[in-house]
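Trainee: All I have is the shape, not the residue letters:
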Ligand SMILES: [Fe+2]
């Protein structure tokens, strides 16, 4: 096969992967909204399975797309990208704190507080990732 048709195959593959990436995201969004509206534990388990698989598929597809993109693939793992994520997690926490102050029933309050604890943990994780990323870029020169 000549270089042009190899390149075209790569571009076609990339655009199909991109469509599938969007489709998986859309499915997951739908499943998440279904999850919030059912209490049936069997159905919930199935939906969790679908979400787990969807997340894995998105991961695989993203990896394939990054491989085609080449060097620019680590775009989201830049120091700036991580700092932005940390800011977003902190914004989530602030928003959830406002929700806690507006919520009147105890169950809602305590669920919201548990999400806040998770968000604080996410910030810690992201700060560690930031350390790891700046450490590895130092090694690279
Ligand atoms: Fe989070």
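Mentor: Ah, there it is. Fair warning: this is a prediction, and the values are worked out from it, not measured in the lab.
Trainee: tell me the centre residue of the protein?
Mentor: Centroid-nearest residue in the chain, with CA atoms, centre = their mean: residue 55, separated by 8.2 Å.
Trainee: For the residue in the chain positioned nearest to the ion, give me its contacts.
Mentor: Proximity of the chain to the ion (CB to the ion) peaks at residue 122, 3.8 Å away. The C-beta positions use only the backbone N, C-alpha and C, and glycine is treated the same way. Contacts for residue 122 (CB atoms under 8 Å, 6 or more residues apart in numbering) come out as residue 89.
Trainee: buried set for the longest helix along the chain?
Mentor: Criterion DSSP state H: the longest helix present in the chain is helix 106-140. Buried positions in helix 106-140, judged by neighbour count with 16 or more other CB atoms under 10 Å: 112, 116, 119, 122-123, 126, 130, 133.
Trainee: same check, this time on stretch 21-30
Mentor: 21, 24, 27-28.
Trainee: nearest residue to residue 126 other than its sequence neighbours?
Mentor: residue 86 (4.9 Å; CB to CB, 6 or more residues apart in numbering).
Trainee: The one you found against residue 130, yeah?
Mentor: Yes - between residue 86 and residue 130 a contact is recorded at 7.4 Å, counting by CB atoms under 8 Å.
Trainee: Residues of this structure that sit close to the ion?
Mentor: 89, 119, 122 (CB under 5 Å from the ion).
Trainee: show me where this structure has helices.
Mentor: Using DSSP H, helices in the chain cover 3-35, 41-69, 79-102, 106-140.
Trainee: Next, the angle helix 79-102 makes with the longest one.
Mentor: Comparing the axes of helix 106-140 and helix 79-102 via axes from the mean of the first three to the mean of the last three CA atoms, to 10 degrees yields an angle of 170 degrees.
Trainee: Use 429 as the first number from now on
Mentor: Happy to do that; since the first residue is 429 now, the last one works out to helix 534-568.
Trainee: From the chain's centroid, how far away is helix 534-568?
Mentor: Relative to the centre of its chain, helix 534-568 is centred 13 Å away, using CA atoms, centre = their mean, to the nearest Å.
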